[in-house]
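Undergrad: Quick one: sequence and predicted model below, then my questions.
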Amino acid sequence: MTIKRKEIMKQMRETSDKENLVKSYDDLANSNLPENLPFITYDEAKKATKLLVKKFGKKKDATPSRFRNYPINLEIRKCWVCLSGNSSTLQRGWRRLIHDLAHRLFRFRSPSLPDHCALQAEFEGQMISFVIQSNWLNGILKQKPKVILSSDQKKEMKIRKLNMSILKWERKIKLANTFLKKYKSKLKRLTN
């Protein structure tokens, strides 16, 4: 790519309406997130990324030139994980994750529009609303602690599972016997 083409592409990715752009971001995107955001772990960031891409990166929402969905397995950026410090700034944490994904997915959906425009701010606002409605900021995506069972508890669980399997198969035998009885009586009626 020549230097002139790079400059043209860069100009196409920027908007000329900077005054309304700041207002759009304040109204549509930045005001939706709470002031104090919780910390986010690597596992939460990975789950959130996959779910956001799955929700907003569908080819049916993109331009006709897209033949498949946006790839789900994205590399998790270090700035998306925030375990200490101020997690409410745009430099790290939930706000950064949503902002970066909004830009990537907006470019996937609308490659001819600038990266920063009112439509992109609206799209980012939709993503923020989805995150808030899904209660991800309340820690739903956090990994559940593993319960360590003793050998007696494991044995009890196996016994319980085996008893349930026996009951299930006994029900199937009873059902099969009922149908056999029914079909034999129908056959008897037809042959007599």
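TA: Arrived safely.

Undergrad: Apart from its chain neighbours, what residue comes closest to Val131?
TA: Once flanking residues are discounted, Val131 sits nearest to Ile98: 6.3 Å by CB to CB, 6 or more residues apart in numbering. For glycine as for every other residue, the C-beta is placed from the backbone atoms N, C-alpha and C.

Undergrad: Am I right that that neighbour is in contact with Phe123?
TA: No. Using CB atoms under 8 Å, Ile98 is not in contact with Phe123, being 10.6 Å away.

Undergrad: need the contact list for the spatially most central residue of the chain.
TA: Among the residues of the chain, the one closest to the centroid is Leu51, at 0.9 Å (CA atoms, centre = their mean). Leu51 makes contact with Ser134, according to CB atoms under 8 Å, 6 or more residues apart in numbering.

Undergrad: before we move on, back to that, can you tell me which residues contact the residue nearest to Val131?
TA: Contacts of Ile98 (CB under 8 Å, 6+ apart): Leu33, Leu52, Glu124, Met127, Ile128, Val131.

Undergrad: now, the most widely separated pair of those?
TA: Leu33 and Leu52 (14.2 Å; CB to CB).

Undergrad: Comparing those two, which shows the higher neighbour count?
TA: Neighbour comparison, Leu33 and Leu52: the larger count goes to Leu52, with 24 against 19 (by other CB atoms under 10 Å).

Undergrad: ok, and the closest non-adjacent residue to the more buried one?
TA: Leu101 (5.3 Å).

Undergrad: and the one you found, how many neighbours does it have?
TA: Leu101: 21 surrounding residues under other CB under 10 Å.

Undergrad: Touching, it and Lys54? I think so.
TA: No. Leu101 lies out of contact with Lys54 (CB under 8 Å); the separation is 11.4 Å.

Undergrad: domain assignment for the chain?
TA: 3-138, 149-192 (automatic domain parsing).

Undergrad: Distance from the chain centre to the shortest one, please.
TA: Put simply, domain 149-192 sits 40 Å off its chain's centre (CA atoms, centre = their mean, to the nearest Å).

Undergrad: Average pLDDT for it, rounded please.
TA: Averaged across domain 149-192, pLDDT comes to 94.

Undergrad: Make sure Lys60 is indeed in a helix.
TA: Yes. Judged by DSSP: H, G, I helix; E, B strand; the rest coil, Lys60 forms part of a helix.

Undergrad: What count of nearby residues applies to it?
TA: That count, for Lys60 with other CB under 10 Å as the rule, works out to 6.

Undergrad: how about Ala62, what does it touch?
TA: Tyr70, Phe108, Arg109, Ser110.

Undergrad: if I pick the second one, what's in contact with it?
TA: Neighbouring residues of Phe108 by CB under 8 Å, 6+ apart: Gly57, Ala62, Arg66, Tyr70.

Undergrad: Reformat these as JSON lines; add distance to Asp152.
TA: Putting those into JSON lines (distance: CB to CB, whole Å) gives the following:
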{"residue": "Gly57", "distance to Asp152": "48"}
{"residue": "Ala62", "distance to Asp152": "55"}
{"residue": "Arg66", "distance to Asp152": "56"}
{"residue": "Tyr70", "distance to Asp152": "49"}
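
Undergrad: Before I go, just wanted to say thanks for your time.
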